[in-house]
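Colleague: Test case, fold it:
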Amino acid sequence: LAGIGGVINLSVTDTILTLESTDLNTPVEGSLTLHNNGTIEADVSLEITGTQSSKFKIISPEPTFTIVPGGSEVVVIQFIPKSQNDVTAYLEISNQGDSIPRIIELSGKVSPTSVVESASPLTYFKTYPNPANNLINIEFNLDEPMLIELLVYDNTGNFVKNLGIFSAATQGNKIEWNGLDGYGNPISSGSYNIILRTKKMTKSFRVIFVK
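Modeller: Below you'll find the model as predicted:
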């Protein structure tokens, strides 16, 4: 998309975001990432549409925001299950100057805990201490061994650090983050999103650093 004095090239990591809960009235969250690969700022607006849009909520960021060239924004969506029926809504991502918004399908599912297999391989996740001041421990268990990736974004959606890709076991996975960004600089006080990503799912968890 050409803009005044430059080009906007907005991309998104997923075209379908599936959120699955094991209990009615127990909200779950998922995320996707928007990237501005262009040369000028992208003024973005978000809206959830569809007859079942009330089952979903934008947690972060605000419905309108700006992504600088080369920047990114993590969009966190919450699913609030009210029945055991699968529900579908749509996240419309509009950029200033777009005549047609990008559409991301939001799929909400409820799987009772009695079902052995789940769409999410994550069976346990914990960060501590939270709040932290210089080191945070990330512990998690999976339903089967697999490769996972851990990334960190700040509360405005800016990329902070890739903690790495790990061959994780089913039990006893523990990774430490020393509170440094990708350039080795100490991060400032504030809230951060730790993104755990596998081939099957993407989960976002919020932590707080206090210096």
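Colleague: For this structure, which segments count as helices?
Modeller: Counting by DSSP state H, one finds no helices in the chain.
Colleague: Just give me the residue right at the centre of it.
Modeller: Centrality entry for the chain: nearest residue to the mean C-alpha point is S31, 2.6 Å, by Cα atoms, centre = their mean.
Colleague: Please name the residues that touch it.
Modeller: The contact partners of S31, by Cβ atoms under 8 Å, 6 or more residues apart in numbering, come to 17, 74-77, 193, 195, 202-204. C-beta coordinates here come from the backbone N, C-alpha and C atoms, glycine included.
Colleague: one more time with 7 Å
Modeller: S31 makes contact with 74-77, 195, 202, 204 under the criterion Cβ atoms under 7 Å, 6 or more residues apart in numbering.
Colleague: cool, and L151?
Modeller: By Cβ under 7 Å, 6+ apart, L151 lies in contact with 162-163, 195, 197.
Colleague: Among those, which one sits closest to S53?
Modeller: The nearest member of these to S53, counting by Cβ to Cβ, is I195 at 24.5 Å.
Colleague: isn't the closest one right next to T202, touching?
Modeller: Yes: shown here, I195 and T202 form a contact pair, counting by Cβ atoms under 7 Å, at 6.4 Å.
Colleague: Quick check: buried residues in stretch 146-163?
Modeller: 148, 150-154, 156-157, 159-161, 163 (16 or more other Cβ atoms under 10 Å).
Colleague: sorry, that was for stretch 83-95
Modeller: 87-91, 93-95.
Colleague: Could I get the average pLDDT for that stretch?
Modeller: The pLDDT scores in stretch 83-95 average 85.
Colleague: Stretch 155-166 too?
Modeller: Regarding stretch 155-166, the rounded mean pLDDT is 87.
Colleague: ok, residues contacting that stretch?
Modeller: So stretch 155-166 is contacted by 61, 71-74, 147-154, 175, 177, 181-182, 187, 190-192 (Cβ under 7 Å, 6+ apart).
Colleague: Kindly format the C-alpha coordinates of it as PDB.
Modeller: Provided in PDB are the C-alpha atoms of stretch 155-166 (Å, rounded to 0.1, in the frame of the first residue of the first chain):
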ATOM      1  CA  ASN A 155       3.200  -3.500  26.800                       C
ATOM      2  CA  THR A 156       3.000  -1.400  23.600                       C
ATOM      3  CA  GLY A 157       3.700  -4.400  21.400                       C
ATOM      4  CA  ASN A 158       7.400  -3.600  20.600                       C
ATOM      5  CA  PHE A 159       9.700  -6.600  20.300                       C
ATOM      6  CA  VAL A 160      12.100  -6.800  23.200                       C
ATOM      7  CA  LYS A 161      14.000 -10.200  22.900                       C
ATOM      8  CA  ASN A 162      13.800 -13.700  21.500                       C
ATOM      9  CA  LEU A 163      14.700 -16.000  24.400                       C
ATOM     10  CA  GLY A 164      15.300 -18.800  21.900                       C
ATOM     11  CA  ILE A 165      14.000 -22.000  20.400                       C
ATOM     12  CA  PHE A 166      14.100 -25.000  22.800                       C
END
